[in-house]
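Engineer: Sharing a sequence plus its predicted fold:
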Amino acid sequence: MKRDFLRLLDLSPSEIDKIIKRTSLLKKNRGKTEKKLPLKNKTTALIFEKSSTRTRVSFEVGVYELGGKSIFLSPRDLQMGRGEPIKDTARVLSRYVHLIVYRCFEHSKLEELAKYSSCPVINGLSDLTHPVQVLSDLFTIYEHFGDYKKLNISWVGDGNNMANAWIEAHLVLGFNLTLACPKKYYPDKELLKRAMKNKNFRITEDPKEAVKSSDVINTDVWISMGDEEEAEERKRAFKGYQINRDLLKLADKNAIVLHCLPAYRGQEITDEIIEDKKSVIFTQAENRLHTQKALMEFLVK
Ligand code: CP
Ligand code: NVA
């Protein structure tokens, strides 16, 4: 049976552990010739309906380093952009390629692609969730603290695809998770309903409360791709949800700051904090490459 990775919920705790341990090894051994290249003679299609720097480049480089070839496709290149059904595109593409990475708006399109593809499909970001990012962030946390299950993790800002991915990671792994979001921008209702049953999950409208004693502080843009029309309204609603020096004082003294990038300095996070030694943001970006190599190896048999 082929395996897809559309959400963190698709993996078990032991599978996440296995991928994270393998990531450590791949990172350490980067550049050393592997005897067996898992993507040799295999092709990966990357279908991106939204812009991307990290996801696109880290996947393309990762595929290359695993011995494979990648083909980047925007909707402009595909008949899908002119209305060819996803279920047809899926059946055709998966007869050529061995793996598909898809970045889209509606998560249901990813589900449809995965349903009709005979090869594994990876979510490269949807409006619902961004699992490759949070899988990689778990590795970054593991690399820094030597653990990712017993820490206090907090989220400040929009209840968007990244926040949803963190809730999914919490549901699978059970770490302590606290979110601070304005009520109007709370995360996905279904996920929230499930997480609220856990004693170590909290959601508040108060960023100060959320970061108190936190080991890992996460944030993301206030205006995600697709939210541009709401820009002004959102900037008003998220005032007070900025990661800055004052807020960071409330966290644990050894806390780290994560941001999946791209960031808007001066909005959700200050320039000072991005450049601070507590920020591991650029290592976090690098780790996308190593984690996705481990993930692809895991999915493509
Ligand atoms: N964090 C992330 O997914 O970045 P890109 O949009 O540049 O891929
Ligand atoms: N929440 C952001 C993440 C970008 C990587 C977006 O969806 O635009």
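Structural biologist: Everything's here; your move. Being a predicted model, the structure only gives us computed values, none of them experimental. Ligands and ions are numbered 1, 2, ... in the order given.
Engineer: which parts of the protein sit against ligand 1?
Structural biologist: Contact residues (Cβ under 6 Å from any ligand atom) of the chain with ligand 1: 52, 53, 54, 55, 125, 133, 260, 261. Bear in mind the C-beta positions are built from the backbone N, C-alpha and C, glycine included.
Engineer: one more time with 8 Å, if that's ok
Structural biologist: 50-58, 103, 124-125, 130, 132-133, 225, 260-262, 285, 288 (Cβ under 8 Å from any ligand atom).
Engineer: What score does the closest residue to residue 40 other than its chain neighbours have for pLDDT?
Structural biologist: In space, residue 40 comes closest to residue 67 once its chain neighbours are excluded; the distance is 3.9 Å by Cβ to Cβ, 6 or more residues apart in numbering. Here the pLDDT value assigned to residue 67 is 97.
Engineer: sorry, back to before: which ones among the residues of the chain next to ligand 1 map onto helices?
Structural biologist: Counting by DSSP state H, those place 54, 55, 56, 57, 58, 132, 133, 285, 288 in helices.
Engineer: Tell me who's in contact with residue 174.
Structural biologist: Going by Cβ atoms under 8 Å, 6 or more residues apart in numbering, residue 174 touches 149, 198, 200.
Engineer: Narrow the ones in helices among the residues of the chain next to ligand 1 to those that are buried.
Structural biologist: Buried members of these, counted by 16 or more other Cβ atoms under 10 Å: 54, 55, 56, 58, 132, 133, 285, 288.
Engineer: Of those, which fall within the contact range of ligand 2?
Structural biologist: Answer for those near ligand 2 (Cβ under 8 Å from any ligand atom): 54, 55, 133.
Engineer: what's residue 56 in contact with, if anything?
Structural biologist: Residue 56 neighbours (Cβ under 8 Å, 6+ apart): 46, 48, 72, 124.
Engineer: go on, residue 118?
Structural biologist: Counted by Cβ under 8 Å, 6+ apart, residue 118 has contacts 2, 91, 94, 95.
Engineer: that older thread, could you report the distance from the residue nearest to residue 40 to ligand 2?
Structural biologist: 27 Å (Cβ to the nearest ligand atom, to the nearest Å).
Engineer: So residue 232 lies in a helix, does it not?
Structural biologist: Yes. Using DSSP: H, G, I helix; E, B strand; the rest coil, the assignment for residue 232 is a helix.
Engineer: What about it, how many residues nearby?
Structural biologist: Applying other Cβ atoms under 10 Å, we find 9 residues neighbouring residue 232.
Engineer: Offset the numbering so it begins at 15, please.
Structural biologist: All right, first residue 15 from here; so that's residue 246.
Engineer: gap between it and residue 252?
Structural biologist: Look at residue 246 and residue 252: by Cβ to Cβ, to the nearest Å, they are 11 Å apart.
Engineer: isn't residue 168 right up against residue 192?
Structural biologist: Yes. Using Cβ atoms under 8 Å, residue 168 is in contact with residue 192, at 4.7 Å.
Engineer: Could you work out the most separated pair of the contacts of residue 70?
Structural biologist: For those, with distances taken as Cβ to Cβ, the pair at the greatest spread is 86 and 138 (11.1 Å).
Engineer: can you list residues touching both of those two?
Structural biologist: What both residue 86 and residue 138 touch, as defined by Cβ under 8 Å, 6+ apart, is the set 60, 62, 70.
Engineer: just the residues you listed now: which is nearest residue 133?
Structural biologist: residue 60 (13.1 Å).
Engineer: quick one: the closest one and residue 115 touch, right?
Structural biologist: Yes. Look at residue 60 against residue 115 with Cβ under 8 Å: they come within range, at 4.7 Å.
Engineer: got any residues that touch both of those two?
Structural biologist: Joint contacts of residue 60 and residue 115 (Cβ under 8 Å, 6+ apart) are 73, 138.
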